[in-house]
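J.: coords please:
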Amino acid sequence: MASLLMSIHDPCIADRPGGISRGDERDRQTPGAALIRNRRPLFKRRSLIATGLIALLAWAGVPVVAQTLRVGVSGSAPFVIEDPVGDGLSGISIDVWRRVAEANDLPYDLIPQDSADAGIAAVEAEEIDVLIGPISVTASRLAKPEIDFTQPYYIDRAGVLLPQQRADLSSRLQVLFGWAVISSILVLFSVLLVVGTFIWLVEHRENPEQFPPQPLPGIANGMWFALVTLTTVGYGDKAPITRLGRGITAAWMVTSLVAVSTLTAGLASAFTVLLSGSTQEKVRDPEGLSRLRVATVNGTSGMELAKRRQLRIVATDSLEEGVEAVLTNTADALIFDRPALRYHLKLNPDLAVNLAAFTLAEETYGFVLRTDDPLRTPLDVSILKLQRQGQVEAMVNTLLN
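T.: Numbering: from 1, shown residues only. Alright, predicted model coming up:
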């Protein structure tokens, strides 16, 4: 009993770390306790293996738990089209994203953004994960260290929308004094002078009554003869009698067929365009925009382009507002994405505006995400596959052509 009490109160045993007594030590020597002690390293090894597998999957880009992406949407038709009946979205950008997300098994929610710049700011602030739409890849946007762009999924050029200019009386009369008419008259006069002179040179000795020896009246008669031959009138008051003169006349008859058809085609096209009251363009090249008031949409690459060219900017908030500014003479032209302008004119063919034949800077569209986002590589691969398979081109042709 004394020995038992001593063992209980012995500070060298009972006060060991963990409060393990000798009796406890004897218990730990039992077979069950030994089995538990032997399994604990096994549990630790399995935990380490599971942790390593999770880390390996995360490093390989395989999501352990599917996380719903916050996808911002910005842009106008045909890239982002709102369904007037339901609340869904469609368009080139939306369709490309859906196929990319499906290929990578990515759940997502679409979140509308006020503009491309507002969407980019939301990506920078981590309010959204990805921004989709016709987001132009520009130098100023690439310079932002917090964001990055995917592989471009569409390439086009910026377009210019111009108002139709009805031909007034002064513009219709200008055709009479235009270079096309003046040059045609000069060419015709020169040809008649050459042919009339040749006829006079070979005919004035043998046929002085019709082609006098004096140069001025003789060449004038020769030109008259060439003119009536050209128009196939053939009055018969003057005709060559020498073999050489008749040879020159025969060559001139054949040549006049080509000359008349060429002159007639040129003059007819000029008169048809202006006298028919059709439209004419105010600007024919990009340099002509420098003297105009140019409408652009806030937060778009068109605004950056207009600022870079130092144009007189009329700021608007949407494509429809920009078109209205052109129609109401608030602006003289509108700079916007050419595909969007083509689609707008397709839906509104009666608008008194024309898409300019010339284009401005090249536009490349991509999706925006944060720098070093692991999604970029799988998104780039999926976009390239869609382009190689011609699916993006098919989407564009369906909506624009």
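
J.: so P213 touches E206, yeah?
T.: No - judged on Cβ atoms under 8 Å, P213 makes no contact with E206 at a distance of 11.2 Å. The C-beta positions use only the backbone N, C-alpha and C, and glycine is treated the same way.

J.: those strands in the chain, which residues are they?
T.: Residue ranges of the strands in the chain, as given by DSSP state E, are 69-73, 81-82, 89-90, 108-112, 130-136, 147-149, 154-163, 165-166, 279-280, 293-297, 312-316, 333-337, 353-355, 362-370.

J.: For this structure, give me the ranges with low pLDDT.
T.: 1-66, 84-87, 165-178, 180, 233-236, 266-267, 269-282 (pLDDT under 70).

J.: how does it divide into domains?
T.: What automatic domain parsing lists as the domains of the chain is 20-62, 69-156+363-400, 170-277.

J.: Throw these into TSV and include mean neighbour count and distance to Y343, thanks.
T.: What follows is the domains of the chain, written out as TSV (neighbours: other Cβ atoms under 10 Å; distance: least, Cβ to Cβ, whole Å):
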stretch	mean neighbour count	distance to Y343
domain 20-62	10	36
domain 69-156+363-400	18	4
domain 170-277	15	28
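
J.: what about those, which gets the closest to D317?
T.: Proximity to D317 (Cβ to Cβ) singles out domain 69-156+363-400 among the domains of the chain, at 8.5 Å.

J.: Please compute how far the closest one lies from its chain's middle.
T.: Relative to its chain's centre, domain 69-156+363-400 lies at 15 Å (Cα atoms, centre = their mean, to the nearest Å).

J.: can you redo the domains of the chain as a markdown table with distance to N354?
T.: Shown next, in a markdown table, are the domains of the chain (distance: least, Cβ to Cβ, whole Å):
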| stretch | distance to N354 |
| --- | --- |
| domain 20-62 | 49 |
| domain 69-156+363-400 | 17 |
| domain 170-277 | 14 |
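
J.: and of the ones you listed, who's closest to L311?
T.: Of all these, domain 69-156+363-400 sits nearest to L311, with 16.7 Å by Cβ to Cβ.

J.: can you tell me the distance between the two ends of that closest one?
T.: Terminal residues of domain 69-156+363-400 lie 30 Å apart, using Cα to Cα, to the nearest Å.

J.: Same question for stretch 81-101.
T.: Stretch 81-101: ends 19 Å apart by Cα to Cα.

J.: Contacts for that stretch next, please.
T.: Defining contact as Cβ atoms under 8 Å, 6 or more residues apart in numbering, one finds that stretch 81-101 is touched by 69, 71, 73, 75, 77-80, 106-108, 110, 132-134, 153-154, 339, 365, 367, 379, 382-383, 386, 391-392, 395-396, 399.

J.: thought A331 was touching A325?
T.: Yes - using Cβ under 8 Å as the test, A331 is close enough to A325 to be in contact (4.1 Å).
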